[in-house]
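S.K.: After the sequence you'll find the predicted model.
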Amino acid sequence: MINGKQYIARINALKPNVWFRGERITSKLSEHVAFKGLLRSQAKLYDLQCDPDYQELFSWPSDTTGHAIGTTYLAPKTPADLEKRRKAIQEWAKLSLGMLGRSPDYMNTTIMALGTSADILKEDAPQRAENMRNYYEYVRENDLSLTHTFILPQVNRSQFYLEDQDAPVIAARVIDENSHGIIVHGARLLATQGVTTDELLVFPSGARLPQMKTAEPMAYAFAIPTNTEGVTYYCRDSFVGGDSHYDHPLSSRFEEMDTIVVFDHVLVPWERVFLYGSITANNRLYPESGFFSQTTHVVISKNIVKIESLLGIMKQMIQSINISEYQHIHEKVSEVVVGLEVMKGLIYASEKEAQLNRWGILTPNANPLQAGILYYTKLYPRMIEIIKLIGASGLVSIPTESDFQSQAGTDLRHYLQSSTQNGEEKVRLFRLAWDVSLSAFGGRQELYERFFFGDPVRLASQLFRSYETSDLEARITAFLHDKA
Ligand SMILES: Cc1cc2nc3c(=O)[nH]c(=O)nc-3n(C[C@H](O)[C@H](O)[C@H](O)COP(=O)(O)OP(=O)(O)OC[C@H]3O[C@@H](n4cnc5c(N)ncnc54)[C@H](O)[C@@H]3O)c2cc1C
């Protein structure tokens, strides 16, 4: 396991080809305006996992070396393992109030699910399965952090659109191979934390590919170091509002950059290729690997902490301006409490109904987790709406730290006071509420929670198709024909 200092040193040493506001970044990422807050926050996660008081929770003896490795790589085999994973994920999430969607636990779990079910890739070639297993071990034993790109550029989403194989490439595909590996060219979206991780994982989108020759170049999966020759990361604009934790309590700490990844004739060595050309393996990968269950288990665990954080913010706002006597406030807060309890129930149900998969990995039941993922895409925007309805003008009556430190401070402390706080403390709280609900950072968080696990419309279709109802239908048929 690494600590925060080691994590930052490793990221600084990579020096990937990353572009931000029209320029290539050449400075250390840990000193760059767009990344320094995030790196510091993420370093705290690594420090916590190395804290002697937390070893029971955050470490686990490696199967291969016996060394302590991080719990979030743990392949669960017992209910206690699943519980330990959940608690470790939530302890990490508390440090960011749940705002780090792509803290390392997410991809550590992804690689655990894919690594333990690597046999599926034998369908492609036995070596690919071996590569996947080796990679899981390599990442786990070195405590590497990963980003990922699973989707293709948003050019034309018509169901019948297939990129013309003779036109210049847009969506990344394998354009060649040689004795060293495959050559990948084109773009992929959307690597959140694109350059603040050690490695980049490129996997299929999860959509089924048609059994057609033209689909084969899209059936590929691999992992490469973030700074691989030929890979460029284009950042969106930064949503870091500034360095001050008072002014920008969330964006100064937790702004996870999203990057567009462009591959320019990138050589991926054969030992890092996990899938290449097998449409059958591509289509079996996610449904059979336990990927969905294990990653959604991380997400729901984290989102429980995020709901708790929003609830805490709401309750403090209500106390501050003394609106707890109004029934509509009770109703709104209760809505959030119901959401929290539903999500807790769903995660416990998924653990209680977990089953060992064919590789002996305890896999949480996917149904409650899928329900939680879909439910949250509606709950999160509603919670943000509730914060706005509670905060009203308080969300924009928010002068900055420097205003309070200036001559204006006396007036502002007086005129912006609330029933329980002086102006400076009230604004501290309401700036947090603003950062989560109205700032560019908050807007992205809302978009993230709607889409990060896929388009909710297509996720709903997936649930519609996969949810087993034959028993229920049979019960209705029996009832309809009951003559007694
Ligand atoms: C903040 C943020 C961070 C993200 N981070 C990552 C990341 O780290 N790694 C990663 O790989 N991805 C990431 N994603 C991408 C995420 O997986 C996608 O946003 C999601 O899968 C939806 O795809 P899309 O954005 O291309 O939307 P589109 O597929 O382009 O959808 C756009 C609209 O068209 C509709 N639509 C399109 N096709 C269909 C269809 N077949 N049937 C019905 N409706 C359709 C959708 O419902 C939607 O309304 C991130 C997204 C966001 C917003």
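M.R.: Arrived safely.

S.K.: What's opposite the residue of the stretch 151-300 of the chain found nearest the ligand in the beta bridge?
M.R.: When scored by CB to the nearest ligand atom, the stretch 151-300 of the chain has T192 as its residue closest to the ligand, at 3.4 Å. No exception for glycine: its C-beta is placed from N, CA and C like everyone else's. T192 forms beta bridges with D258, as assigned by DSSP bridges.

S.K.: got a list of what Q42 touches?
M.R.: Residues in contact with Q42 (CB atoms under 8 Å, 6 or more residues apart in numbering) are G4, Y7, L100, S103, P104, S145, T196.

S.K.: and the fifth one, backbone torsions?
M.R.: Reported as degrees, to the nearest 10, the phi and psi values for P104 are phi -60, psi -20.

S.K.: ok, now how distant is it from L82?
M.R.: 19 Å (CB to CB, to the nearest Å).

S.K.: Would you mind naming what in the stretch 101-250 of the chain lies close to the ligand?
M.R.: R102, H148, T149, F150, I151, Q154, R157, Q159, L190, A191, T192 (CB under 6 Å from any ligand atom).

S.K.: if we go to 8 Å?
M.R.: 101-102, 147-152, 154, 157, 159, 188-194, 205 (CB under 8 Å from any ligand atom).

S.K.: closest to R382 among the contacts of Q42?
M.R.: L100 (21.8 Å; CB to CB).

S.K.: who's in contact with the nearest residue to the closest one once chain neighbours are set aside?
M.R.: Spatial nearest neighbour of L100, chain neighbours left out: F254 (5.5 Å); criterion: CB to CB, 6 or more residues apart in numbering. Contacts for F254 (CB under 8 Å, 6+ apart) come out as G37, L38, S41, S96, L97, M99, L100, F441.

S.K.: Mind checking which of these land in helices?
M.R.: G37, L38, S41, F441 (DSSP state H).

S.K.: Show me what the helix or strand of the chain with the lowest mean pLDDT is packed up against.
M.R.: Every helix and strand in the chain was compared by mean pLDDT, DSSP states H and E; the lowest is helix 279-289, with a mean of 90. Contacts defined by 3 or more CB pairs under 8 Å, 6 or more residues apart in numbering; DSSP states H and E place helix 279-289 against helix 104-116, strand 273-276.

S.K.: Could you check whichever helix or strand comes after it and say which residues are buried?
M.R.: Counting by DSSP states H and E, the element after helix 279-289 in chain order, helix or strand, is helix 291-321. Within helix 291-321, the residues that count as buried by 16 or more other CB atoms under 10 Å are 291-311, 313-314, 316-318, 320-321.

S.K.: Just give the number of residues close to M212.
M.R.: By the criterion of other CB atoms under 10 Å, M212 has 9 neighbours.

S.K.: Pretty sure G186 sits in a helix.
M.R.: No: according to DSSP: H, G, I helix; E, B strand; the rest coil, G186 belongs to no helix; its state is strand.

S.K.: give the contact list for the residue nearest to it when sequence neighbours are not counted.
M.R.: Leaving out its chain neighbours, the residue that sits closest to G186 by CB to CB, 6+ apart is A172, at 3.5 Å. By CB under 8 Å, 6+ apart, the contact list for A172 reads L152, V184, H185, G186, A187, R188, V202, V261, F263.

S.K.: Go again with 6 Å.
M.R.: Contacts of A172 were listed using CB atoms under 6 Å, 6 or more residues apart in numbering, and they are V184, G186, A187, R188, F263.

S.K.: Top of the residues you listed by number of neighbours, please.
M.R.: V184 (27 neighbours).

S.K.: what's the most distant pair in the ones in helices among the contacts of F254?
M.R.: Applying CB to CB across these, the maximum distance is between S41 and F441, 13.0 Å.

S.K.: So for these two, which residue has more residues nearby?
M.R.: F441 (25 against 20).

S.K.: mean confidence for the helix or strand containing R253?
M.R.: In the assignment (DSSP H and E), R253 maps to helix 251-254. Averaged across helix 251-254, pLDDT comes to 98.

S.K.: residues of it that come out buried?
M.R.: S251, S252, R253, F254.

S.K.: How about the contacts made by the nearest residue to the first one once chain neighbours are set aside?
M.R.: The shortest distance from S251 to any residue other than its chain neighbours is 3.8 Å, reached at F441 (CB to CB, 6+ apart). Taking CB under 6 Å, 6+ apart as the criterion, F441 is in contact with F239, L250, S251, E255, D435.
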